[in-house]
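Chemist: Predicted model and sequence follow; I will ask about them next.
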Amino acid sequence: MPSVTPDDAPRLADLMPWSVAPPRLGRGWPTAPDAVSLKARWDALVKAEGPDRETLFVPTRSRTLTSAVAQLPGRSTGTGRLVRESGPCPEPVRVLAAPFDEQWVIPDHRLIDSARPELWRVADERQVFVVEQTSAPEPSGPLLLASSVLPLAPLHGPRIGGVHPLYRRPGAAEPNLAPGLTAYLGEHLRTGPVDPVDPVDVLAWILVAARPGPDGVEVPLAADPDVWSRGVELGRRALWLMRRDGDRPKLPGGRRPYVRAPLPSRPVDVRYDRDAESLVVDEGRISPVPAEAWDFHVGGVRVLEEWFTRRTEPAEPGTLEAIRPTTWPQAWTSELLELITVLALLAELRPRQAELTVENAITTADLRRAGVLPVPDSSRRPASVLDHREEGPEGQFTLL
């Protein structure tokens, strides 16, 4: 893509300096594609006693039934030890369980090995989480994903890298960008007399310009206003498709995927018929499904195939994961149709993205001369965002 030498392109770690490893559950049962199953799993856990409860819980070195931990920020869940828990299930919330796979999680700190509370503190309706994808031997698909909901480290499948929130504080306050970057870009790109560049525009550019580098993800920055504008337009489109928080996307020309033959109540297999542009789910059939959607990979893994597998792979009998819908829910079909559309539309952006070349670039050396880099150490640490007390273990309030 860009014709900038790797040593000259700024690193994502410097442009968005605060990053955190994704939350790691340590057990699979607190997350599921449907919230009803999670509440049933919780009920089964708290009704069990003694060794049965411990077996169902799946203890680790980080979490056991006697672990004492604080509440997750912004969540009114219990803080007593799980060995004595008998209350109702905390209300599940949406998370990004895997690339392009939003599911539900029980937001209880006692269930999560490594919760990353600093991320929960800044998670709100205006936040955008940028997720680094690990490169596959033959990388395809986006290097970065953007999500409106908190991303989790997948238990299985390709690993993900750091999570970069767009904002360091709730309410879209204090962008997680190198101090002075938006003002420098605004002056250099002449977006206005003294106007800094919108942080969302910076993120949009990052999404389409990011590339693997010798020291991590790097982001060539265009110095040409026209190139910058084209990149931001593409990035805004990609951001909208990845977040899926507005109007439902549609394929052009009325090529909307439909269920042509009903999906079975308990599907077990999925394949793609290229000649018919159809997704074949046992005897069920969805079409049209563009080949670009079926071939869409992240981290070397086919997104549609993995999305289907996570909903159909057998669970070990007697475990909490085995508590799941007995038939394929209609809501999953709707999610699948939307996912097909999103992947196809993202694939359509690739040719335009490949044409976006950066010949006149803002380099790392330029940012150093302007005092934007290096970033201060404080920019790599979470901001203090508390405006309320957070409950600690056993109902005590944390001292901050």
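Modeler: Noted; the coordinates are in hand.
Chemist: Would you confirm that residue 228 contacts residue 188?
Modeler: No - counting by CB atoms under 8 Å, residue 228 sits too far from residue 188 to count as a contact (9.3 Å). Backbone N, C-alpha and C define where each C-beta goes, glycine included.
Chemist: Settle it for me: which of those two has more neighbours?
Modeler: Neighbours per residue (other CB atoms under 10 Å) separate residue 228 from residue 188, with residue 228 holding more: 23 against 17.
Chemist: Which phi and psi values does the residue nearest to that one when sequence neighbours are not counted adopt?
Modeler: Among residues not flanking residue 228 along the chain, residue 222 sits closest, at 4.4 Å (CB to CB, 6 or more residues apart in numbering). For residue 222, the backbone dihedrals (degrees, to the nearest 10) come out as phi -80, psi 140.
Chemist: Ok, residue 105 next?
Modeler: In terms of degrees, to the nearest 10, the main-chain angles of residue 105 are phi -140, psi 150.
Chemist: partner residues bridging it?
Modeler: residue 31, residue 93 (DSSP bridges).
Chemist: where along the protein do the helices fall?
Modeler: Applying DSSP state H to the chain gives helices spanning 12-15, 35-47, 51-57, 117-121, 181-189, 199-209, 225-243, 291-294, 303-312, 330-354, 364-369.
Chemist: Buried residues, the longest one. List them.
Modeler: By neighbour count, with 16 or more other CB atoms under 10 Å as the criterion, the buried positions of helix 330-354 are 332-333, 335-337, 339-347, 349-350, 353.
Chemist: So which residues make contact with it?
Modeler: Contact with helix 330-354 is made by 1, 33-34, 100, 102, 142, 208, 230, 234, 237-238, 241-242, 244, 248-251, 256-259, 263, 279, 286, 289-290, 292-293, 295-296, 303-304, 307-308, 311, as judged by CB atoms under 8 Å, 6 or more residues apart in numbering.
Chemist: I'd assumed residue 280 was in contact with residue 271.
Modeler: Yes - the criterion here is CB under 8 Å, and residue 271 meets it with residue 280 at 5.1 Å.
Chemist: Give me the more crowded residue out of those two.
Modeler: Regarding residue 271 and residue 280, a neighbour count based on other CB under 10 Å identifies residue 280 as having more, with 17 against 11.
Chemist: Quick check: bridge partners of that one?
Modeler: Under the criterion used here (DSSP bridges), residue 280 is bridged to residue 271, residue 285.
Chemist: Can you report how many residues neighbour the nearest residue to residue 277 once chain neighbours are set aside?
Modeler: With CB to CB, 6+ apart as the criterion, residue 277 has its nearest non-adjacent residue at 4.5 Å, and that residue is residue 288. The local packing count at residue 288 equals 19, with neighbours defined by other CB under 10 Å.
Chemist: Touching, residue 288 and residue 255? I think so.
Modeler: Yes - with contacts defined as CB under 8 Å, residue 288 counts as touching residue 255 at a distance of 5.3 Å.
Chemist: Burial check on the closest residue to residue 321 other than its chain neighbours, number of neighbours?
Modeler: When the adjacent residues along the chain are set aside, residue 321 lies closest to residue 315, with 4.0 Å between them (CB to CB, 6+ apart). Per other CB under 10 Å, the neighbour tally for residue 315 reads 13.
Chemist: about what we covered before: isn't the residue nearest to residue 228 right up against residue 232?
Modeler: No - Residue 222 lies out of contact with residue 232 (CB under 8 Å); the separation is 9.4 Å.
Chemist: Now list whatever residues contact both of those two.
Modeler: Looking at what touches both residue 222 and residue 232 (by CB under 8 Å, 6+ apart), the common residues are residue 205.
Chemist: With residue 262 as the reference, measure out to the nearest residue to residue 206 once chain neighbours are set aside.
Modeler: Among residues not flanking residue 206 along the chain, residue 219 sits closest, at 5.2 Å (CB to CB, 6+ apart). Summarising the geometry, the distance separating residue 219 from residue 262, computed by CB to CB, to the nearest Å, is 46 Å.
Chemist: how about low-confidence regions in the stretch 151-300 of the chain?
Modeler: Residues of the stretch 151-300 of the chain that meet the criterion pLDDT under 70 lie in 157-158, 191-194, 246.
Chemist: How many residues are close by the closest residue to residue 170 other than its chain neighbours?
Modeler: Taking CB to CB, 6+ apart, and ignoring the residues beside it in sequence, residue 170 has residue 124 as its nearest neighbour in space, at 5.0 Å. Taking other CB under 10 Å as the criterion, the count of residues near residue 124 is 13.
Chemist: How about residue 364?
Modeler: 20.
Chemist: Residue 373 versus the closest residue in space to it that isn't next to it in sequence, what's the distance?
Modeler: Distances taken as CB to CB, 6+ apart place residue 10 nearest to residue 364, at 4.9 Å, with adjacent residues excluded. Counting by CB to CB, the gap from residue 10 to residue 373 is 7 Å.
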